[in-house]
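*Asks:* task: produce atomic coordinates for the following.
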Amino acid sequence: MVPYVGDSKTIQRIIMELCEPYFEKRHTIYMDRFFTSPITVDLLWLRETGVVGMVMANRRGLPEEQRQQSLEVNEMTFCHRGNLTACKWKDKREVLMLTTKHAATWTEETAKRKGVGATKKLKPDCIVDYNHNKMGVDLNDQALANIMAPPRKHSTLTIKDKLRIIEMLDKGDSYPVIARKFGVGRSNVGDIKKNKDKLLKFVSLTERGPGVRKTLKKSENPVLEDALFTWFLQQRRLHVPVNGDMICEKARIFHRQITNSNIGFNASRGWLDKFKNRHGIRRLKMAGEKLSNDEGAIGPFQLELQKVIREKKLTVEQVYNADESGLYWRLLPDHTLASGNEQSASGRKMMKMRVTFMPCANAAGTHKLQLLVVGKSKTHGHLNQHVFLFVIVHKKCLGYERLVS
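*Replies:* As a prediction, this is how the structure comes out:
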């Protein structure tokens with residue numbers, strides 16, 4: 001027994017050892033696509049043995065122009081090199097053949113298909129001969145495959161995974177290695193390579209990359225969705241808040257403008273969810289006051305501050321910053337963890353007792369002043385129990401009254 005360890009030279013050695021008793025007798029071997037390659041055919045021809053066999057498109061030595069060529073149904077091409085003929089033909093899918101027995105000849109056959117009737121098609125003679133003489137080997141292998149090994153679990157790759165496969169192919173990784181890593185068949189890897197240009201073009205036109213999408217399927221109204229997504233991006237670049245109702249209403253407006261009709265499009269919640277998934281739109285809570293700032297004043301202020309620091313020779317310990325903020329000091333979380341037996345989590349009225357405070361510290365972070373708190377009355381309930389933490393300022397109509405803690 002000679003075990004196969006994944007090396008093409010091992011395959012050739014196994015074939016030569018098995019066929020040794022039949023060399024120099026002008027036999028013809030009909031080979032499966034897994035074993036056929038131009039190098040193997042040349043080695044067998046040197047021993048006066050012919051070959052007719054299917055071949056994988058990624059085998060070394062095949063004509064590059066023929067390998068890359070796309071054919072229509074019933075179209076065929078032939079390439080010759082000495083005694084070897086390479087044939088490419090398309091019926092339901094493209095098929096590659098290597099033969100030392102046939103020339104560039106073909107036969108007209110009549111095929112019957114359900115719902116279509118009898119149709120005539122051209123088939124290369126090498127494929128006719130292979131189908132006749134393979135003696136059920138391919139059919140037997142197909143039957144044994146279902147018995148000897150469990151079926152592979154169906155796996156649908158995301159576009160992000162497909163891009164990783166394209167990167168591995170560009171680096172020179174083999175089909176079997178990639179197929180094992182992603183849990184797909186080698187034919188799937190080949191299909192991804194064929195669709196390389198479509199995948200790269202699709203990703204280049206998206207706002208945030210492939211996301212979690214798995215297909216390149218377009219919507220039923222691509223013109224409307226392109227216009228709607230462009231409008232959405234324009235609004236967000238202007239920092240305008242956009243919600244689902246606004247998107248649906250704008251979609252209805254675009255539909256009326258494009259079709260001059262109010263019929264055929266509802267902009268339902270289901271459509272909205274699919275639209276957001278297709279374009280990677282997600283919901284975010286608006287936070288902070290960044291957009292309210294005067295960005296034009298930031299640069300001059302920074303220059304002026306640096307000038308003052310240089311003139312007065314200040315250190316980071318001498319530069320302080322203060323800013324106001326709000327504290328809902330009795331507000332509890334609106335989410336809670338619950339046991340599996342609880343069907344719902346009952347709540348209480350939110351306690352929105354708020355105080356305004358101002359923290360202040362130096363730029364080095366080594367000195368922090370006591371918090372300055374602005375309240376509405378001289379008595380602050382529970383805050384009075386912790387008054388030693390604060391400097392409390394009571395707001396009056398004509399000014400501020402300072403209460404020293």
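
*Asks:* can you list contacts of the strand or helix carrying residue 230?
*Replies:* Element membership of residue 230 [criterion: DSSP states H and E] is helix 222-237. Residues from elsewhere that reach helix 222-237 (Cβ atoms under 8 Å, 6 or more residues apart in numbering): 207, 219, 242, 247, 250-251, 254-255, 258, 265, 275, 278-279, 281. In short, each C-beta sits where N, CA and C put it, glycine included.

*Asks:* narrow those residues to those that are buried.
*Replies:* Buried by 16 or more other Cβ atoms under 10 Å: 247, 250, 251, 254, 255, 265, 275, 278, 279, 281, out of those.

*Asks:* center of this protein - which residue?
*Replies:* Residue closest to the average C-alpha location in the chain (Cα atoms, centre = their mean): residue 160, at 2.5 Å.

*Asks:* hang on, it in a helix?
*Replies:* Yes - judged by DSSP: H, G, I helix; E, B strand; the rest coil, residue 160 forms part of a helix.

*Asks:* show me where the stretch 251-400 of the chain has strands.
*Replies:* 320-322, 325-328, 354-358, 360-362, 371-375, 390-396, 399-403 (DSSP state E, counting those that start in this stretch).

*Asks:* between those strands, which has the poorest mean confidence score?
*Replies:* With a mean of 44, strand 399-403 has the lowest mean pLDDT of the strands of the stretch 251-400 of the chain.

*Asks:* circling back to that earlier point, just put the buried ones among the contacts of helix 222-237 in TSV and tack on pLDDT and distance to residue 18.
*Replies:* Converted to TSV, the buried ones among the contacts of helix 222-237 look like this (pLDDT from 0 to 100; distance: Cβ to Cβ, whole Å):
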residue	pLDDT	distance to residue 18
247	92	66
250	93	70
251	92	66
254	92	68
255	91	68
265	84	66
275	87	60
278	80	54
279	79	57
281	84	60
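
*Asks:* tell me which of the residues you listed fall in helices.
*Replies:* Cross-referencing the buried ones among the contacts of helix 222-237 against helices under DSSP state H gives 247, 250, 251, 254, 255, 275, 278, 279.

*Asks:* mind checking pLDDT for the nearest residue to the last one once chain neighbours are set aside?
*Replies:* Nearest in space to residue 279, with sequence neighbours left out and distances taken as Cβ to Cβ, 6 or more residues apart in numbering, is residue 229 at 5.4 Å. Among the per-residue scores, residue 229 shows a pLDDT of 89.

*Asks:* then the one 5 residues further on?
*Replies:* Looking at residue 234, its pLDDT reads 90.

*Asks:* what's the neighbour count on it?
*Replies:* 10 (other Cβ atoms under 10 Å).

*Asks:* ok, it to residue 250 distance?
*Replies:* The gap separating residue 234 from residue 250 is 11 Å, by Cβ to Cβ, to the nearest Å.

*Asks:* just the buried residues of the helix holding residue 230, please?
*Replies:* With the criterion 16+ other Cβ under 10 Å, helix 222-237 contains buried residues 224, 225, 227, 228, 229, 231, 232.

*Asks:* and the fourth one, how far from residue 268?
*Replies:* Yep, that's residue 228 we're talking about. 14 Å.

*Asks:* check the second one too.
*Replies:* Taking Cβ to Cβ as the measure, residue 225 falls 14 Å from residue 268.

*Asks:* one more: the first one?
*Replies:* Residue 224 sits at a distance of 14 Å from residue 268 (criterion: Cβ to Cβ).

*Asks:* same deal with the fifth one?
*Replies:* Using Cβ to Cβ, we find residue 229 at a distance of 18 Å from residue 268.

*Asks:* residue ranges in this protein under the pLDDT threshold?
*Replies:* 1-9, 113-117, 135-153, 207-212, 288-289, 337-340, 375-405 (pLDDT under 70).

*Asks:* can you map out the helices along it?
*Replies:* 8-19, 38-46, 64-68, 125-133, 137-148, 159-171, 175-182, 186-194, 196-204, 222-237, 244-259, 269-279, 298-312.

*Asks:* so can I have TSV of those helices showing distance to residue 329?
*Replies:* Formatted as TSV, these follow (distance: least, Cβ to Cβ, whole Å):
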stretch	distance to residue 329
helix 8-19	74
helix 38-46	80
helix 64-68	71
helix 125-133	83
helix 137-148	69
helix 159-171	45
helix 175-182	53
helix 186-194	57
helix 196-204	49
helix 222-237	35
helix 244-259	35
helix 269-279	38
helix 298-312	32
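
*Asks:* minimum distance to residue 321: which of those helices has it?
*Replies:* helix 298-312 (10.4 Å; Cβ to Cβ).

*Asks:* residues contacting the closest one, please?
*Replies:* With contacts defined as Cβ under 8 Å, 6+ apart, helix 298-312 is touched by 314, 319.

*Asks:* before we move on, what about stretch 284-291?
*Replies:* 239, 241.

*Asks:* straight-line length of that stretch, end to end?
*Replies:* 16 Å (Cα to Cα, to the nearest Å).

*Asks:* mind listing what's buried in it?
*Replies:* When burial is assessed from 16+ other Cβ under 10 Å, stretch 284-291 yields no buried residues.

*Asks:* so what's the gap between it and the chain middle?
*Replies:* Put simply, stretch 284-291 sits 29 Å off its chain's centre (Cα atoms, centre = their mean, to the nearest Å).

*Asks:* ok, stretch 256-264 next?
*Replies:* Put simply, stretch 256-264 sits 34 Å off its chain's centre (Cα atoms, centre = their mean).

*Asks:* end-to-end on it?
*Replies:* End-to-end distance (Cα to Cα), stretch 256-264: 10 Å.

*Asks:* measure residue 222 to residue 228 for me?
*Replies:* The value you get for residue 222 to residue 228, if Cβ to Cβ is used, is 11 Å.

*Asks:* how about residue 180?
*Replies:* 42 Å.

*Asks:* what do you get for residue 124?
*Replies:* Using Cβ to Cβ, one gets 51 Å for the distance from residue 124 to residue 228.
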